[in-house]
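Q: Show me how the following folds:
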Amino acid sequence: MIETRANFGFMLVGLILLWLVSPFLAVVSTDVGNIALYVAIGAALCLGAWSLSTERRVFLAAAAITVAAVACAIVAYLTGSALARFLLIGLEIVFWSICAWFVATHVLASGPVDKNRIAGAVCIYMIAAVIWAYLYTVINQLAPGSFNGLEAMALEKQIAELLYFSFVTLTTLGYGDMSPAHPFARWLAQAEAVFGQLYIAILIATLVGKWLARETSSDITDDKSAR
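A: Numbers count the residues shown, from 1 in each chain. The predicted structure follows:
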């Protein structure tokens, strides 16, 4: 059994922050939007790295990636370097992949289900949306026009738009205002939709069910003891 402590809440807060900031990029000036996005990215990375502190080697690797990503974000903002932006996206994909693996090893470990493990399961779900959004961004940069309904815009706003598309696809809402046009983008969207449905139906439902059963059993035991 892998011992955990209640730390996945930090990562969840960082992911929610990144998710909440992205819509504002479409309604604020470019400079303010870019700063807000980079600050949210940095905060999410720092909180995510802190959640890995129970494993020293994983934490040090995540911390190093975080420092490199923050440096790339600063360079990207100050110089507008396309290379720095691509490096930032690559570092984030690696970082969140490490986080997903680390959280999964704890969420899927044997032992009682508590609120921390449920928070970790939610983290994996949101991490999936973030990773897919960055993959969509890479595809659209390599093959412009890969998404119908996505206008030509700065990379930062493009990331925000594709993060929205990623969450819509993950939850299979399918509003239709944006859709994949490139074959590889379509394949990725299909894979994300399938993952989202299976993840909710299998893992989240199972964990919540076990937690509720544990809480109910504990209440029954307490009632018997009181009698």
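
Q: Which element is encountered next along the chain beyond the helix or strand harbouring residue 43?
A: Using DSSP states H and E, the secondary-structure element containing residue 43 is helix 30-50. Beyond helix 30-50 on the C-terminal side, the first helix or strand identified by DSSP H and E is helix 56-79.

Q: separation between residue 20 and residue 37?
A: 12 Å (CB to CB, to the nearest Å). Glycine gets a C-beta too; all of them are placed from N, C-alpha and C.

Q: For these two, indicate the residue with more neighbours.
A: Neighbour totals were compared for residue 20 and residue 37, and residue 37 leads with 23 against 10 (other CB atoms under 10 Å).

Q: Show the contacting residues for that one.
A: 21, 22, 25, 156, 159, 160 (CB atoms under 8 Å, 6 or more residues apart in numbering).

Q: Then residue 124?
A: 100, 103, 104, 107, 199, 203.

Q: model confidence over the top helix by length along the chain, on average?
A: Scanning the chain for the helix with the most residues, using DSSP state H, yields helix 115-142. Helix 115-142 shows a mean pLDDT of 92.

Q: just for this protein, where's the confidence low?
A: Counting by pLDDT under 70, the ranges of the chain that qualify are 1-6, 26, 28-29, 204-205, 207-227.

Q: In the one helix or strand residue 185 maps to, which residues are buried?
A: Using DSSP H and E, residue 185 sits within helix 183-198. Within helix 183-198, the residues that count as buried by 16 or more other CB atoms under 10 Å are 185, 188, 189, 192, 193, 195, 196.

Q: Dump those into a markdown table; add distance to residue 168 as well.
A: Output for the buried residues of helix 183-198, formatted as a markdown table (distance: CB to CB, whole Å):
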| residue | distance to residue 168 |
| --- | --- |
| 185 | 14 |
| 188 | 14 |
| 189 | 10 |
| 192 | 10 |
| 193 | 10 |
| 195 | 14 |
| 196 | 10 |
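
Q: with these in mind, which one is nearest to residue 60?
A: Set against residue 60, the nearest of these by CB to CB is residue 195 (29.5 Å).

Q: Just to check, that closest one is in contact with residue 128?
A: Yes. With contact defined as CB atoms under 8 Å, residue 195 counts as touching residue 128 (6.3 Å).

Q: Need the overlap of contacts for those two.
A: residue 170.

Q: before we move on, the earlier item: which other residues reach the helix holding residue 185?
A: Under CB under 8 Å, 6+ apart, the answer for helix 183-198 is 125, 128-129, 132, 135-136, 139-140, 143, 146-147, 166, 169-172, 180.

Q: Give me the buried subset of these.
A: The buried subset of these (16+ other CB under 10 Å) comprises 125, 128-129, 132, 135-136, 139-140, 146-147, 166, 169-170, 180.

Q: Just name the closest of those to residue 116, please.
A: Distance to residue 116, by CB to CB, is smallest for residue 125 among the buried ones among the contacts of helix 183-198, at 15.3 Å.

Q: any idea how far that closest one lies from residue 167?
A: For residue 125 relative to residue 167 (CB to CB), the value is 10 Å.

Q: Ok, residue 77 next?
A: With the distance defined as CB to CB, residue 77 ends up 25 Å from residue 167.

Q: Looking at the two, which is more packed in?
A: residue 167 (21 against 17).

Q: need the contact list for the more buried one.
A: 19, 129.

Q: Farthest pair within the buried ones among the contacts of helix 183-198?
A: 125 and 146 (24.3 Å).
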